[in-house]
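>>> just to be clear, the model below is a prediction. Sequence and coordinates:
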Amino acid sequence: MRISGPEALVATKTLVGSLPKPRQAALKTIRTRNGLVVDRGLVLIFPAPASFTGEDCAEIHIHGGKAVVAALLKELASFQGCRMAEHGEFSRRALENGKMDLVEVEGLADLIAAETEMQRRLAVEHTAGGLSELYEGWADRLTRARALIEAELDFADEDDVPGSVSDMVWADMAKLQSELSDHLAGADFGEIVRDGLKVVIAGAPNAGKSSLMNALARREVAIVTDIAGTTRDVLHIDLNIEGYAVRLYDTAGLRDTDEVIEREGIKRALKTAAEADIILSLAEIGVTAQTDFAGFNGKVFRIGTKSDIHPIEAGSYDLCISSTTGTGLTELHQLLVNDLLMRSAALSLALPSRLRHRTLLADSLESLGCAVSSVSAGLDIRAEFLRQAAHSLGRITGRVDVEDLLDVIFSEFCIGK
Ligand SMILES: Nc1nc2c(ncn2[C@@H]2O[C@H](COP(=O)(O)OP(=O)(O)OP(=O)(O)O)[C@@H](O)[C@H]2O)c(=O)[nH]1
Ligand SMILES: [K+]
Ligand SMILES: [Mg+2]
């Protein structure tokens, strides 16, 4: 049981008699104020500000049985100012007290939800502040640049400000522009690691889409019949491939039809394929035509099916498989592994992984681009673009730029001494 806030230590002391030394576990008997023993267990205290929330915190380790928990909760609730925490309230207080920033809080949420090794690694990278450091470093660079530009504006006639500072600043800003843009390019993969690679099985009716889904799931997820138009709803399963989350979708067979339910199924199939990272375009070897999915964003692999009953036509397909015999399924798995490895190549896991990150990074990059390229605009306007770029970065971590501009000017130059 974790208790945080100004009354945490008072309440804990009342329950366990005497408090242990900060951050040292001690075995205590936990009693109600009527003297009834609730349980015996280890007690730890973390006086403010050296705690997770930044407030006074206590941990009472109890046996997890329902009645024990209920008894301690009931006793705690009777203390003045003590109540049940709301969802995420400990992290929220940590954020408010400057113990974590927004990216770290999001990382913690992702870490708790992580199911695959790569999701875990990405989340750890975020909770450990790797990304925050990067953004704060960039925001500092922008603030410094702006300070230098404003110094040139304000004190252009004074000797203390070296000339052509501007050139140096803009060269650095152009460099930052490309760093930011490289980082933003990693957002696609960051989102894939966090949310899973979307692999959509699509193609003509009876191509064997649902059979492939079942073979990869190793269970009968989808209905399989020899009737064309069996699958209507979009089905999905989650796979873990080399530590990466992969979401595999089975969809309705694509064809012209007047059947109302099937039409709706096809509409959904196309929508799902449009959002895919990878489309496995299935066609029965030599029997059904391959849908080419031209204009779709996902990478398309042409898969020939039922290789057990048709001669393999090398050249027409990227891969031929048989869900019945299992031929080609190892290769299909390897194809996905290779794709993931290719996407991850040369990328660290300090990647933006949420739409919120992506949007603000894009905003920042756009402002920076305006600042760098508006060569004919006044320096004041270009400086304002730099401010906006830093502001967007500050909003990612939640530590929006405070007005430390003058500090920077005076620390770098000896103006007005
Ligand atoms: N011989 C052979 N038959 C297969 C194979 N895969 C699927 N089939 C058969 O082909 C028929 C259609 O399979 P499904 O998996 O339902 O095909 P689908 O693409 O999901 O079809 P719709 O949902 O109707 O679009 C069934 O009779 C399957 O048993 C295979 O690898 N070899
Ligand atoms: K079918
Ligand atoms: Mg099907």
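All right, it came through fine. Ligands and ions are numbered 1, 2, ... in the order given.
>>> I'd guessed Ile303 sits against Ile279; true?
No - if you go by CB atoms under 8 Å, Ile303 and Ile279 don't touch, sitting 9.8 Å apart. In short, each C-beta sits where N, CA and C put it, glycine included.
>>> other SSEs contacting whatever helix or strand Ser132 lives in?
According to DSSP states H and E, Ser132 maps onto helix 130-154. In terms of contacts (3 or more CB pairs under 8 Å, 6 or more residues apart in numbering; DSSP states H and E), helix 130-154 is packed against helix 102-113, helix 165-185, helix 379-397, helix 405-412.
>>> out of those helices, flag the one nearest ligand 1.
Of all the helices and strands packed on helix 130-154, helix 102-113 sits nearest to ligand 1, with 31.4 Å by CB to the nearest ligand atom.
>>> can I get that closest one in PDB, CA atoms only?
Taking C-alpha atoms only, helix 102-113 is exported to PDB below (Å, rounded to 0.1, in the frame of the first residue of the first chain):
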ATOM      1  CA  LEU A 102       5.200  14.200 -19.900                       C
ATOM      2  CA  VAL A 103       7.300  11.900 -22.100                       C
ATOM      3  CA  GLU A 104       8.500  10.000 -19.000                       C
ATOM      4  CA  VAL A 105       4.900   9.700 -17.700                       C
ATOM      5  CA  GLU A 106       3.800   8.400 -21.100                       C
ATOM      6  CA  GLY A 107       6.700   6.000 -21.100                       C
ATOM      7  CA  LEU A 108       5.700   4.700 -17.700                       C
ATOM      8  CA  ALA A 109       2.200   4.100 -19.000                       C
ATOM      9  CA  ASP A 110       3.600   2.200 -22.000                       C
ATOM     10  CA  LEU A 111       6.000   0.200 -19.800                       C
ATOM     11  CA  ILE A 112       3.100  -1.000 -17.600                       C
ATOM     12  CA  ALA A 113       1.200  -2.000 -20.800                       C
END
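>>> chain center to it: distance?
What separates the centre of helix 102-113 from the centre of its chain is 8 Å, taken as CA atoms, centre = their mean, to the nearest Å.
>>> swap in stretch 20-30?
Relative to its chain's centre, stretch 20-30 lies at 37 Å (CA atoms, centre = their mean).
>>> could you list the buried residues of it?
By 16 or more other CB atoms under 10 Å, the buried positions in stretch 20-30 come out as 20, 28, 30.
>>> quick check: Leu248 vs ligand 2, distance?
Computed as CB to the ion, to the nearest Å, the Leu248 to ligand 2 distance reads 18 Å.
>>> now render the buried residues of stretch 20-30 as JSON lines, adding pLDDT, secondary structure and distance to ligand 3.
JSON lines is the format used below for the buried residues of stretch 20-30 (pLDDT from 0 to 100; DSSP: H, G, I helix; E, B strand; the rest coil; distance: CB to the ion, whole Å):
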{"residue": "Pro20", "pLDDT": "97", "secondary structure": "coil", "distance to ligand 3": "62"}
{"residue": "Lys28", "pLDDT": "97", "secondary structure": "strand", "distance to ligand 3": "61"}
{"residue": "Ile30", "pLDDT": "97", "secondary structure": "strand", "distance to ligand 3": "58"}
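>>> give me the subset of those touching ligand 2.
The subset of the buried residues of stretch 20-30 within reach of ligand 2, by CB under 5 Å from the ion, is empty.
>>> mind putting the residues you listed in TSV, distance to ligand 1 included?
Formatted as TSV, the buried residues of stretch 20-30 follow (distance: CB to the nearest ligand atom, whole Å):
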residue	distance to ligand 1
Pro20	63
Lys28	62
Ile30	59
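>>> isn't Cys57 up against Glu7?
No - counting by CB under 8 Å, Cys57 sits too far from Glu7 to count as a contact (11.4 Å).
>>> out of those two, which sits in the more crowded spot?
Per other CB atoms under 10 Å, whichever of Cys57 and Glu7 has more neighbours is Cys57, with 23 against 17.
>>> where along the protein do the helices fall?
Under the criterion DSSP state H, the chain contains helices at 8-16, 66-77, 89-96, 102-113, 117-127, 130-154, 165-185, 187-195, 209-217, 260-274, 329-344, 355-373, 379-397, 405-412.
>>> buried deepest among the ones you listed, which one?
helix 209-217 (a mean of 23; mean count of other CB atoms under 10 Å).
>>> quick one on the thing from earlier: quick check: which of the helices and strands packed on helix 130-154 is nearest to ligand 2?
The closest of these to ligand 2 is helix 102-113. By CB to the ion, the value is 35.3 Å.
>>> quick one: that closest one to helix 187-195, angle?
Calculated by axes from the mean of the first three to the mean of the last three CA atoms, to 10 degrees, helix 102-113 forms an angle of 40 degrees with helix 187-195.
>>> export the buried residues of stretch 20-30 to JSON lines and append columns for distance to Ser211.
Converted to JSON lines, the buried residues of stretch 20-30 look like this (distance: CB to CB, whole Å):
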{"residue": "Pro20", "distance to Ser211": "62"}
{"residue": "Lys28", "distance to Ser211": "61"}
{"residue": "Ile30", "distance to Ser211": "58"}
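>>> circling back: got JSON lines for the helices and strands packed on helix 130-154, with distance to ligand 2 and mean pLDDT too?
As requested, the helices and strands packed on helix 130-154 are arranged in JSON lines below (distance: least, CB to the ion, whole Å; pLDDT from 0 to 100):
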{"stretch": "helix 102-113", "distance to ligand 2": "35", "mean pLDDT": "86"}
{"stretch": "helix 165-185", "distance to ligand 2": "40", "mean pLDDT": "92"}
{"stretch": "helix 379-397", "distance to ligand 2": "47", "mean pLDDT": "91"}
{"stretch": "helix 405-412", "distance to ligand 2": "67", "mean pLDDT": "41"}
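>>> Leu44 is nearest to which of those?
Between Leu44 and these, the tightest spacing by CB to CB is seen for helix 102-113, at 20.0 Å.
>>> contacts for the closest one next, please.
Applying CB atoms under 8 Å, 6 or more residues apart in numbering, the contact partners of helix 102-113 are 88, 91-92, 94-95, 100, 119-120, 122-129, 131-132, 135, 194, 353-354, 356-357, 396-398.
>>> please repeat the previous calculation with a cut-off of 7 Å.
Outside of helix 102-113, the residues within contact range by CB atoms under 7 Å, 6 or more residues apart in numbering are 91, 95, 119-120, 122-124, 126-127, 129, 131-132, 194, 354, 396-398.
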